[in-house]
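S.K.: fold the following for me, if possible:
(one chain, ligands or ions: 1)
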Amino acid sequence: MPKNSFDVDRARADFPVLQQTVHGKPLIYLDNAATSQKPAAVIEILDRYYLEYNSNIHRGVHHLSQVATEAYESARENIRRYINAHSTKEIIFVRGATEGINLVAQTFARSHIKAGDEILITEMEHHSNIVPWQILAEQTGAILKYIPINDAGELDLEKIDALLTDKTKLLALVHISNALGTINPIEMLIEKAHDIGAKVLIDGAQAVPHTRINVIELDCDFYVLSGHKLFGPTGIGVLYGKQALLEAMPPYQGGGDMIKMVTMEKTMYNDLPHKFEAGTPHIAGVIGLGAAIDYIELIDFEGAIQHEHDLLNYANELADKTKGMNLVGTAKNKTSILSFTLDGIHPHDIGTIMDNEGIAIRAGHHCAMPVMERFQIPATARASFAFYNSFSDVDALFNGIEKCREVFG
Ligand code: 7TS
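M.R.: Residues are numbered from 1 along each chain as shown. Here you go, the predicted model:
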């Protein structure tokens with residue numbers, strides 16, 4: 001086992017939920033791609049918001065409203081700093097990656113894309129980066145195309161030049177695949193798309209907890225993330241967009257806060273980022289996400305990233321020695337996700353037997369049915385790691401796999 005200075009025991013101690021037993025066994029939480037656990041620091045900030053200064057933002061002159069507004073806007077600055085955006089005007093709070101993608105589809109894309117234009121996505125997208133484009137294609141007559149994937153679960157880049165044409169108006173792709181763990185070469189793809197004048201949206205839902213993001217260096221036009229996968233609350237996420245694009249886009253939803261002035265005839269929209277945040281937002285969620293960023297900035301995040309790579313390498317070594325185990329997604333460049341099948345055992349049965357052992361994994365199509373179709377399987381079992389997982393969690397996973405084989409003979 002490689003030695004890394006990252007202190008996993010110390011990290012684990014920050015996550016109260018991990019200190020419990022399930023079915024009489026210590027909880028081994030390996031479903032981090034679905035949602036990550038929350039450090040005490042985040043839970044305490046949420047408590048404090050409701051205990052001490054719960055109130056609506058941007059409206060009240062009273063003290064509590066001012067404190068809440070300040071906390072909300074300072075969380076926006078945390079996100080800006082974390083992904084290195086130029087301005088907080090480029091940070092739009094949404095419900096999650098899903099809403100971020102739908103927002104871009106129904107505002108930017110709907111106003112720019114016409115019949116016959118092409119939107120290019122990949123075969124490894126989560127449904128949230130497929131369905132909004134199918135809806136848009138139906139609304140506009142645009143054509144949806146897919147970059148295929150090879151047997152290792154990597155994008156087949158030989159096809160890229162034929163797929164990116166002067167008809168392509170948007171490339172929308174996942175940074176790290178939730179079903180395969182593949183880290184896509186987004187820098188190169190963003191450059192290629194820009195060369196032919198297309199805009200690029202990156203789905204970073206799985207990437208932000210496992211890599212450093214720098215939207216200025218990436219030069220992507222849009223980047224979406226989910227707070228709950230980044231150790232923050234559920235129901236909150238971020239859409240980053242380049243300011244000039246966001247300025248030119250029509251609003252997504254109409255309502256309070258997104259306006260400057262309303263008469264019975266017309267409305268003048270508010271400035272960024274408020275133009276895209278209609279109604280009372282998820283104030284607690286935003287403040288909690290801001291606290292999650294504070295937490296990440298305090299830990300040794302580079303060490304955490306390395307630790308996750310070490311966990312995956314260790315799991316790969318054990319998988320190599322496990323008869324009847326088939327890995328789905330063996331990209332050279334991957335992280336944190338071990339998707340697999342076991343000969344003769346349905347993934348849902350694997351999930352149930354693991355649960356009896358106190359091990360939380362996910363079994364299913366992982367909202368990436370085209371990936372399952374590509375590999376001609378109905379489902380996989382998926383263990384997904386976070387930096388608070390230990391090598392003994394990986395041992396427990398493989399003991400669970402042995403248990404599955406015993407039960408199914
Ligand atoms: N994109 C990717 C790559 C994802 O993995 C997910 C959620 C989403 C988008 C949607 O994020 P949401 O927060 O808006 O729901 N992925 C998973 C998963 O793998 N298991 O449960 C949710």
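S.K.: pretty sure G241 sits against I92.
M.R.: Yes. Between G241 and I92 there is a contact at 6.8 Å, judged by C-beta atoms under 8 Å. No exception for glycine: its C-beta is placed from N, CA and C like everyone else's.
S.K.: flag every residue of the protein that's near the ligand.
M.R.: 33-34, 96-98, 126, 128, 174, 178, 203, 205-206, 226, 362, 366-367 (C-beta under 6 Å from any ligand atom).
S.K.: one step back: okay, G241 and I92: which has more neighbours?
M.R.: Neighbour tally, G241 and I92, criterion other C-beta atoms under 10 Å: the higher count belongs to G241, 30 against 27.
S.K.: look up the closest residue to that one, ignoring the ones flanking it.
M.R.: Excluding the flanking residues, the one nearest G241 by C-beta to C-beta, 6 or more residues apart in numbering is F222, at 4.9 Å.
S.K.: how many residues are close by that neighbour?
M.R.: Residues near F222, counting by other C-beta under 10 Å: 26.
S.K.: follow-up on the earlier one: hmm, which two among the residues of the chain next to the ligand are most spread apart?
M.R.: Maximum pairwise distance among these (C-beta to C-beta): 18.3 Å, between D203 and R362.
S.K.: in terms of neighbours, single out the busier of those two.
M.R.: Neighbour count, other C-beta under 10 Å: between D203 and R362, D203 has more, with 30 against 21.
S.K.: which strand residues bridge that one?
M.R.: Here D203 sits in beta bridges with V174, V224, going by DSSP bridges.
S.K.: is it true that A198 touches L171?
M.R.: Yes. At 5.4 Å, A198 and L171 qualify as touching, with contact defined as C-beta under 8 Å.
S.K.: joint contacts of these two?
M.R.: With contacts defined as C-beta atoms under 8 Å, 6 or more residues apart in numbering, the residues adjacent to both A198 and L171 are L120, L164.
S.K.: the more surrounded of the two?
M.R.: Ranked by neighbour count (other C-beta under 10 Å), A198 and L171 place L171 first, with 29 against 23.
S.K.: for the helix or strand that contains the more buried one, what is the average pLDDT?
M.R.: Secondary structure assignment for L171, by DSSP states H and E: strand 168-174. For strand 168-174, the mean per-residue pLDDT is 98.
S.K.: roughly how far is that strand from the heart of the chain?
M.R.: 17 Å (C-alpha atoms, centre = their mean, to the nearest Å).
S.K.: right, and the helix or strand after it?
M.R.: Assigned by DSSP H and E, the successor of strand 168-174 is helix 186-195.
S.K.: and the angle for that next one with strand 168-174?
M.R.: Between helix 186-195 and strand 168-174, the angle comes out at 170 degrees (axes from the mean of the first three to the mean of the last three C-alpha atoms, to 10 degrees).
S.K.: in helix 186-195, which residues are buried?
M.R.: Using 16 or more other C-beta atoms under 10 Å as the test for burial, helix 186-195 gives I186, L189, I190, K192, A193.
S.K.: ditto for stretch 121-140
M.R.: For stretch 121-140, by 16+ other C-beta under 10 Å, it's 121-126, 128-133, 136-137, 140.
S.K.: got a pLDDT number for the most centrally placed residue in the chain?
M.R.: Nearest residue to the geometric centre of the chain (C-alpha atoms, centre = their mean): A205, 1.0 Å. Note on A205: pLDDT of 98.
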